[in-house]
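*Asks:* one predicted model, sequence on top.
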Amino acid sequence: MSVTVTVNGAITSVDLPGEIPLLWALRDGLNLTGTKYGCGVAACGACTVLVNGEAVRSCQTALSDVEGQSVTTIEGLGTPATLHVLQQVWIDHQVAQCGYCQSGQIMQAAGLLAANPRPSPAEIDEAMSGNLCRCGTYPRIRAAVQDAARKLSEA
């Protein structure tokens, strides 16, 4: 079965069963390995991507559920030459330690800022609470999201 979806701005046809999780379609079908497998039950957030601008857990989203929609992965957020503001503040605040959860964290933050461009610290904590960081960098994550919100509002 072929499923057509826009991934990182490009209309793409994926020749995989519709019931396969979007995570595996991205990683194995499209070789976009920035989206990580964490738990497989949507509890950790490592697999977070944006679907039509909203953060979703790709491990529990069927490929057929995103047919005709727009999916953005960490690879589509910025480039090494032109980082997205979230990627830059992650570096500025030295958020990543092991780094495994960070693509999901950044994509969750992107969804938050798309829906709420000026979140309070409590709103950031609430929105990010479903994304687990085993290294415990939550204070730096909050600071980076606050910084990104400030920078985006100035742009």
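*Replies:* Yes, it's here.
*Asks:* going forward, measure contacts between C-alpha atoms and count neighbours the same way
*Replies:* Will do.
*Asks:* dump the residue contacts of the nearest residue to residue 132 once chain neighbours are set aside.
*Replies:* Nearest residue to residue 132 in three dimensions, chain neighbours excluded: residue 44, at 5.1 Å (C-alpha to C-alpha, 6 or more residues apart in numbering). By C-alpha atoms under 8 Å, 6 or more residues apart in numbering, the contact set of residue 44 is 38, 130-132.
*Asks:* how near is the most centrally placed residue in the chain to residue 113?
*Replies:* Using C-alpha atoms, centre = their mean, the residue of the chain that lies closest to the mean C-alpha position is residue 107, 2.3 Å off. Taking C-alpha to C-alpha, to the nearest Å as the measure, residue 107 falls 10 Å from residue 113.
*Asks:* test my guess that the residue nearest to the centre of the chain contacts residue 73.
*Replies:* Yes. With contact defined as C-alpha atoms under 8 Å, residue 107 counts as touching residue 73 (7.3 Å).
*Asks:* which residues are in contact with both of those two?
*Replies:* What both residue 107 and residue 73 touch, as defined by C-alpha under 8 Å, 6+ apart, is the set 49-50.
*Asks:* quick one on the thing from earlier: mind checking the SS state of the residue nearest to the centre of the chain?
*Replies:* Recorded secondary structure, residue 107: helix (DSSP: H, G, I helix; E, B strand; the rest coil).
*Asks:* can you pull the contacts of it?
*Replies:* 48-50, 55, 73-74.
*Asks:* output those as JSON lines; include the columns secondary structure.
*Replies:* Listed next are the contacts of residue 107 as JSON lines, based on three-state DSSP:
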{"residue": "48", "secondary structure": "strand"}
{"residue": "49", "secondary structure": "strand"}
{"residue": "50", "secondary structure": "strand"}
{"residue": "55", "secondary structure": "strand"}
{"residue": "73", "secondary structure": "coil"}
{"residue": "74", "secondary structure": "helix"}
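*Asks:* of all pairs in those, which one is the farthest apart?
*Replies:* Greatest spacing in the contacts of residue 107, by C-alpha to C-alpha: 55 and 74 (11.7 Å).
*Asks:* okay, and the common contacts of these two?
*Replies:* 49, 107.
*Asks:* highest neighbour count among the contacts of residue 44?
*Replies:* Highest neighbour count within the contacts of residue 44, by other C-alpha atoms under 10 Å: residue 131, with 22 neighbours.
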